[in-house]
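Engineer: Here is a sequence with its predicted model. Questions after.
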Protein chains: 2
Amino acid sequence: MQQSTSTEAPAGPRTEAALRILEAAKSLFADMGYEGVSIRDIADRAKVSKANVFHHFTSKASLYEAVLEHATADWDAQLDLLKNGSGSIAERIADFAAEDLQHQLADPHGVYLFLRQLMDNRHTAQRRKTEEVITRGLRSLLDVLEEVQQNRELSQRIDPLTLVLAILGSNFMYFQLRHLLNGLFDPESRVTPEDFSRSLIRLITPSTGAASDSSSPSDHPAS
Amino acid sequence: MQQSTSTEAPAGPRTEAALRILEAAKSLFADMGYEGVSIRDIADRAKVSKANVFHHFTSKASLYEAVLEHATADWDAQLDLLKNGSGSIAERIADFAAEDLQHQLADPHGVYLFLRQLMDNRHTAQRRKTEEVITRGLRSLLDVLEEVQQNRELSQRIDPLTLVLAILGSNFMYFQLRHLLNGLFDPESRVTPEDFSRSLIRLITPSTGAASDSSSPSDHPAS
DNA sequence: GCTTGGACTGATCGATCGGTCAGTGATTGA
DNA sequence: TCAATCACTGACCGATCGATCAGTCCAAGC
């Protein structure tokens, strides 16, 4: 049960091959799911023998755990942007939203790993861990918003939780459907992530009661 | 459109046991993923023999296909609400958003099946099918919004695509994190789906330029 | 020199996988 | 009455799964 790695932080791969295994496992787990990937698949992609995978990782489950650990490491860093960001609250929200979308686009495997984790009803141990990460992140975001709401920077009419979920959800929808979106319009008019982030902020911030003008000097409606 | 009803009962369960197999497969596939479920698991939950599964469905893949077919059938019906709905555009958007959230909450297995399908990079055949359903749905939603936008019912400042993705994404976020949300506040103050839908519409619609007053008689005075 | 230990591999294990098959019991139509 | 069809089952198959193990290779320490 509590067989999990007692040594907390040092999840660092000890060898070049071990790192290749970790990276191969991450992309494969993200694309095919835990059960959809065999140790052979991972070993083949990492250009090592199957037995070598078990040399570096005690079991398939522990390898998956290591992949999750490595993937969720840099998730926390993103929160500082809204926490310690500069500028008005509207700017910080806009920056956070744009940064979050870029983060998803830059690491799609991480997003998928995260999502699969939330959908899986088996590994309750790691699922709780993932839930804790999310809860902590949400709590952190809400603290900031509720604080500026008490300072009258943010309209009282806005529910901070709804605002957070709307940003994260909208970004995820764009991320998930990004390849389909271009087929909805003329082939020449693409919807870039920057376009979407701007449009999303324009949709949400007018009702926040915060000044949202400062950072749009060259913006014009004429397309 | 006519694709689904061309052959009336193409995959219709011909027996009570067959229906149990289909339902068991749906919940298991949704929770554990395609590779995470064995025919034995399905047979056990459906209270039939393993061979009987192959008697009704030619293979595991065809069973999965039948599950998907059965699950995506009622998805289309939801679009009519915004298409043929009554009332102002703001009311129709609000109704659609609330209905979409209720639909997700009522059929979480369907949502998970849908999502797993989009994350899976193997079954390209069914993946394209799923993508077509989504594309058709999005296209339909956008048509309505762009129409009312030309009629000046909807503000020109709003990007219809962003609005649609924001609604769907926000709902999905609430759906996905619904069990975590109550832990963020006092145990007594729960965030009901109705609360969230109201709050989401309040966040989004003020900037749409459409009249959004009709359905908020007890709303507070402007702060 | 010799020994130790870690990285790594090929061969192999039992368990479980998806799938097959011969057959049973009940129902039906001629 | 009997043959045919149906839903359904237990036993079994080859393939593949995660995991083990004995052993090779090589660099570091004495």
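Structural biologist: It's in. Residues are numbered from 1 along each chain as shown, chains lettered A, B, ... in the order given.
Engineer: rest of the way, CA atoms for contacts and neighbours
Structural biologist: Fine.
Engineer: other SSEs contacting the lowest-mean-pLDDT helix or strand in chain A?
Structural biologist: Using mean pLDDT, DSSP states H and E, the weakest-scoring helix or strand in chain A turns out to be helix A:79-83, at a mean of 73. Where contact means 3 or more C-alpha pairs under 8 Å, 6 or more residues apart in numbering or on different chains; DSSP states H and E, helix A:79-83 is packed against helix A:89-106, helix A:124-150.
Engineer: Let's see that with 6 Å instead.
Structural biologist: Of the remaining helices and strands, none touches helix A:79-83 by 3 or more C-alpha pairs under 6 Å, 6 or more residues apart in numbering or on different chains; DSSP states H and E.
Engineer: Okay, buried residues for that helix please.
Structural biologist: A:Leu79, A:Leu81, A:Leu82, A:Lys83 (16 or more other C-alpha atoms under 10 Å in any protein chain shown).
Engineer: Over to stretch A:79-95?
Structural biologist: Applying 16+ other C-alpha under 10 Å to stretch A:79-95 flags A:Leu79, A:Leu81, A:Leu82, A:Lys83, A:Ile89, A:Ala90, A:Glu91, A:Arg92, A:Ile93, A:Ala94, A:Asp95 as buried.
Engineer: ok, and A:Lys26, which helix or strand is that part of?
Structural biologist: helix A:16-32 (DSSP states H and E).
Engineer: CA atoms only for that helix, dumped as CSV, please.
Structural biologist: C-alpha atoms of helix A:16-32 as CSV (Å, rounded to 0.1, in the frame of the first residue of the first chain):
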residue,chain,number,x,y,z
GLU,A,16,20.8,9.2,-20.3
ALA,A,17,18.9,6.0,-21.0
ALA,A,18,16.7,6.6,-17.9
LEU,A,19,15.8,10.0,-19.1
ARG,A,20,14.9,8.6,-22.6
ILE,A,21,12.7,6.1,-20.8
LEU,A,22,11.0,8.8,-18.9
GLU,A,23,10.4,10.9,-21.9
ALA,A,24,9.2,8.0,-24.0
ALA,A,25,6.9,6.9,-21.2
LYS,A,26,5.4,10.4,-20.9
SER,A,27,4.5,10.8,-24.5
LEU,A,28,3.2,7.3,-24.8
PHE,A,29,1.1,7.4,-21.6
ALA,A,30,-0.3,10.7,-22.7
ASP,A,31,-1.3,9.5,-26.1
MET,A,32,-2.4,6.0,-25.4
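Engineer: Quick check: mean pLDDT of it?
Structural biologist: If you average the pLDDT over helix A:16-32, you get 96.
Engineer: Ok, stretch A:51-62 next?
Structural biologist: Here the average pLDDT along stretch A:51-62 is 97.
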